[in-house]
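No letters, just coordinates:
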């Protein structure tokens, strides 16, 4: 690496640079920050500091394992495109492996292809349109709950966490927040328990769907993501079949990744809309103009130009 101009912080036995990273993060997050889009130095202080010291690409150590960090856009693009398969996905270890298991974001090759096909089928454009009424109902529940807190402060991050869990539960798994919230709480705790306990988790809905197959009705698993997963776990062709463990891993991933990313984006957008009231007014006027007193629908949502820009503009800031 040195011969190619790659430098980085020196290795320190036995932790590598992990203690140094932890200290830097503790210092950066240990005090409130001013309102600013410059959040990179705060959330990734080691990357911010070391790119300035060692260049856009640097080497650091996670224990005894060397890690190459790339920040040059063209190199990142080459790795992500991975046309020749030179860059395998990172091996999950420890708690990350317990949490994600064999899911779409960790699998490669044949295992990846099986789940990718299911995801494409379940979440293509037409399927997403059919989910809009369920999403609207979930948002209505949120707004009704907020009516009881007029004039009070609301923890929007917590509230949007409940909303995203509800939406994922209803649209992907035919469940509800009562069941979905419980599932999410279990997923959040999976990083603190053993592999044995992980595989003992029983997700509401799976056993209910499997009971149908015991009655001989193999086609009635449902058309949502859970239904497609259960159906694939009963495939007679072993090359197409997935295991119960893989199915559980997929559910954990959808709840975990879908919940956290969307919750963060919604919370950040709401915060910035509260600051930039001109965008807030533009978006409100557009929504009233298109929907008036009607419930949102997929055709109308596609016509929202100002509202569609907000997650793009504010999301890039996030």
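Structure received. Please read these numbers as outputs of a predicted model, since none were measured by experiment.

Quick check: what element follows the helix or strand hosting residue 288 along the chain?
Assigned by DSSP states H and E, residue 288 belongs to helix 277-291. Moving toward the C-terminus from helix 277-291, the next helix or strand (DSSP H and E) is helix 298-302.

ok, and what's touching that following helix?
Here helix 298-302 makes contact (CB atoms under 8 Å, 6 or more residues apart in numbering) with 128-129, 132, 290-291, 294. C-beta coordinates here come from the backbone N, C-alpha and C atoms, glycine included.

per-domain residue ranges of this protein.
What automatic domain parsing lists as the domains of the chain is 2-87, 109-275.

winner for burial among the ones you listed?
Of all the domains of the chain, domain 109-275 carries the top mean neighbour count, a mean of 16, counting by mean count of other CB atoms under 10 Å.

quick one: average confidence on that one?
Averaged across domain 109-275, the pLDDT comes to 70.

coming back round to it: save the contacts of helix 298-302 as JSON lines, and put in distance to residue 4 too.
As requested, the contacts of helix 298-302 are exported to JSON lines (distance: CB to CB, whole Å):
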{"residue": "128", "distance to residue 4": "45"}
{"residue": "129", "distance to residue 4": "50"}
{"residue": "132", "distance to residue 4": "51"}
{"residue": "290", "distance to residue 4": "55"}
{"residue": "291", "distance to residue 4": "57"}
{"residue": "294", "distance to residue 4": "60"}
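
just to revisit the earlier point, mind giving me the packing neighbours of the helix holding residue 288?
If contacts are counted by 3 or more CB pairs under 8 Å, 6 or more residues apart in numbering; DSSP states H and E, helix 277-291 sits against helix 244-275, helix 305-317.

Same list, those, but as JSON lines with distance to residue 163 please.
Compiled in JSON lines, those are given as follows (distance: least, CB to CB, whole Å):
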{"stretch": "helix 244-275", "distance to residue 163": "8"}
{"stretch": "helix 305-317", "distance to residue 163": "15"}
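
Mind checking the ones you listed for the one nearest to residue 79?
The closest of the helices and strands packed on helix 277-291 to residue 79 is helix 244-275. By CB to CB, the value is 20.2 Å.

Would you map the strands across the stretch 51-200 of the chain?
Secondary structure of the stretch 51-200 of the chain (DSSP state E, counting those that start in this stretch): strands located at 58-62, 65-69.

For residue 78, find the nearest of those.
Smallest distance to residue 78 across the strands of the stretch 51-200 of the chain (CB to CB): 13.0 Å, for strand 65-69.

Residue 156 and residue 263: what is the separation?
Residue 156 is 9 Å from residue 263, where distance means CB to CB, to the nearest Å.

cool, and residue 304?
21 Å.

And residue 240, by the same measure?
34 Å.

Also residue 242?
Per CB to CB, residue 242 is found 28 Å from residue 263.

Repeat that for residue 62.
Residue 62 is 28 Å from residue 263, by CB to CB.

Same check on residue 274?
For residue 274 relative to residue 263 (CB to CB), the value is 17 Å.

ditto for residue 271
For residue 271, the distance to residue 263 (CB to CB) stands at 13 Å.

do residue 289 as well
Residue 289 is 28 Å from residue 263, by CB to CB.

Over to residue 75?
Distance of residue 75 to residue 263, given as CB to CB: 31 Å.

What of residue 15?
32 Å.

Provide the backbone phi and psi angles at the residue lying closest to residue 54 once chain neighbours are set aside.
Closest residue to residue 54 apart from its sequence neighbours, by CB to CB, 6 or more residues apart in numbering: residue 7 at 4.4 Å. For residue 7, the backbone dihedrals (degrees, to the nearest 10) come out as phi -120, psi 180.

Adjust the sequence numbering to begin at 890 for everything that follows.
Taking 890 as the first residue, the last one we looked at is residue 896.

correct me, but residue 896 touches residue 945?
No - with contacts counted by CB atoms under 8 Å, residue 896 stays clear of residue 945, the gap being 11.3 Å.

what residues does stretch 1165-1185 touch?
1021-1022, 1025, 1161-1163, 1189, 1192-1196, 1199.

For residue 1035, state which of the residues you listed is nearest.
Nearest member of these to residue 1035, counting by CB to CB, is residue 1163, at 14.2 Å.

For residue 893, see how far away the closest one is.
47 Å.

Also residue 930?
Distance from residue 930 to residue 893, by CB to CB: 27 Å.

for residue 945, same thing?
Applying CB to CB, the value for residue 945 to residue 893 is 13 Å.

distance of residue 1037 from residue 1060?
Computed as CB to CB, the residue 1037 to residue 1060 distance reads 26 Å.

was I right about residue 954 contacting residue 904?
No - counting by CB under 8 Å, residue 954 sits too far from residue 904 to count as a contact (11.2 Å).
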